[in-house]
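Visitor: this one's structure only:
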């Protein structure tokens, strides 16, 4: 039976980290909220899961994944569940927890990225928190991107199995998620990310390798890949970029 | 061999969610950074792990747990690892992922709580972002606490195994973490949390039950329980509370 992914249509958002894993593995999945409402899809199907007054396991927010009766919420939890099933995670228990820890660091990085345009409240418009956003984004570019990306570069460098992958000697969902982070940051902060390839050569090589994986290359060209836009996590607001 | 917990001394912080699980289970553990530097403890021991130029699995930030050669980082990941070992998690795979998803929602809640006093940057002092903090805290009290706590109250209410626990019919690490969240929010926002027991009766009963567990009651009275203070996640700044 196909996996059912529930996520807001119209943006990549957090759902994209799950989509990349499903696409890379060539898994059979349905992107529920992107399907027509008349075939049981749409935001209505997603809201019905969130608002259920009877379900035993209600998710707090999208994305969540349904696999038959099993409901898994949060990106890192979904990838932990899918990792072993899709061949995108190590089998060893300690290494699985290491991969999961890296993914949770990416989760934090994603949240901080979102805070650059919504530092006061997710309930307010960007326009109503623009001044705080400028201060937040400046600190993010100068301190947080180097701290997070410097960390992941070190993880590659210190990997005893070689510096091609963050986890062991094989491609995993962590490679895919780091690819997405780097793509998104280039979209949001082209000036802030200008020197990235030079200062993070291993991450840059990993990014290029992921981009050339056949299923990923095909996905990126397909209409299933929603372009980055200003409703998602990574938003191109020039006034928030370096030197604005 | 004793588990080794690495976390900043002097605050409860994120480490407290792990401590509560270890204490509740009566596990043998060492709180490494609280031990004297001369016996291999202190912040120096923690920094040596973070700054290692050779370790294969470097954590991004505390807390992290060492279990022999295994290093696990991030609270939810540590609790996932300890859950089965300490009898604080369900054995069924789907239920384990459900518990983990709840814990990851708590992780997000903790991050948003921290943002109330540091909305612009963790690198700036609170005093230098106080105005943004007031706006953030107001939105947090009026919108986010009800949203998160309303969700967890619903999880209890809709649990087919009864409304005493969030996961199945047994006590788990999720009960402990929710206890800590509720305690912390009462400390930080006494006015904002004034009506909590009335609007969230199931969570309130769960909180009282956790507090009376013998190992937890003993821990809370011990000097191992650092009091809440204004360097941690939950800070009592009256100017950020409701009606300030």
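Guide: Noted; the coordinates are in hand. Since the structure is predicted, the reported quantities are computational estimates derived from the model, not experimental observations.
Visitor: which one is the residue lying farthest from the centre of chain A nearest to, not counting chain neighbours?
Guide: Distance from the C-alpha centroid of chain A peaks at residue A:54, with 30.1 Å (Cα atoms, centre = their mean). In space, and not counting its chain neighbours, residue A:54 is closest to residue B:158: 6.6 Å by Cβ to Cβ, 6 or more residues apart in numbering or on different chains. Yep, even glycine has a C-beta here, placed from its N, CA and C like the rest.
Visitor: Count the neighbours of that neighbour for me.
Guide: Neighbour count of residue B:158, defined by other Cβ atoms under 10 Å in any protein chain shown: 15.
Visitor: Now do the contacts for it.
Guide: Counting by Cβ atoms under 8 Å, 6 or more residues apart in numbering or on different chains, residue B:158 makes contact with A:52-56, A:58.
Visitor: Read off the pLDDT value for it.
Guide: On the pLDDT scale, residue B:158 is placed at 98.
Visitor: how does chain A divide into domains?
Guide: Chain A is divided into the following domains under automatic domain parsing: A:3-86, A:93-225.
Visitor: Which helix or strand contains residue A:30?
Guide: strand A:29-31 (DSSP states H and E).
Visitor: What does the residue nearest to residue A:189 when sequence neighbours are not counted show for phi and psi?
Guide: Ranked by Cβ to Cβ, 6+ apart and with sequence neighbours excluded, the top spatial neighbour of residue A:189 is residue A:241, at 5.0 Å. Backbone torsions for residue A:241, taken as degrees, to the nearest 10, come to phi -80, psi 170.
Visitor: So what's the residue count around residue A:241?
Guide: When neighbours are counted by other Cβ under 10 Å, residue A:241 comes out with 18.
Visitor: same question, residue A:187
Guide: So residue A:187, with other Cβ under 10 Å, has 17 neighbours.
Visitor: show me what contacts it?
Guide: A:228, A:234, A:236 are the contacts of residue A:187 under Cβ under 8 Å, 6+ apart.
Visitor: quick one: it from chain B, how far?
Guide: According to Cβ to the nearest Cβ, to the nearest Å, residue A:187 and chain B sit 22 Å apart.
Visitor: Now that residue: closest residue in space, sequence neighbours ignored.
Guide: residue A:228 (4.4 Å).
Visitor: Could you do residue A:35 as well?
Guide: residue A:41 (2.7 Å).
Visitor: Residues contacting the helix or strand of chain A with the lowest mean pLDDT, please?
Guide: Counting by mean pLDDT, DSSP states H and E, chain A has its least confident helix or strand at helix A:130-139, which shows a mean of 93. For helix A:130-139, the external contacting residues (Cβ under 8 Å, 6+ apart) are A:115-120, A:126, A:189, A:237, A:239-242, A:244, B:119-121, B:123-124, B:129, B:132, B:135.
Visitor: likewise stretch A:95-104?
Guide: Taking Cβ under 8 Å, 6+ apart as the rule, stretch A:95-104 contacts A:75-76, A:79-80, A:83-84, A:89-90, A:152, A:155, A:166-168, A:172-174, A:177, B:57, B:59-60, B:64, B:70-74, B:76-77, B:80-81, B:107.
Visitor: show me where chain A has helices.
Guide: Using DSSP state H, the helices of chain A run over A:15-24, A:42-51, A:75-86, A:93-117, A:130-139, A:145-157, A:173-188, A:196-199, A:201-212, A:214-221.
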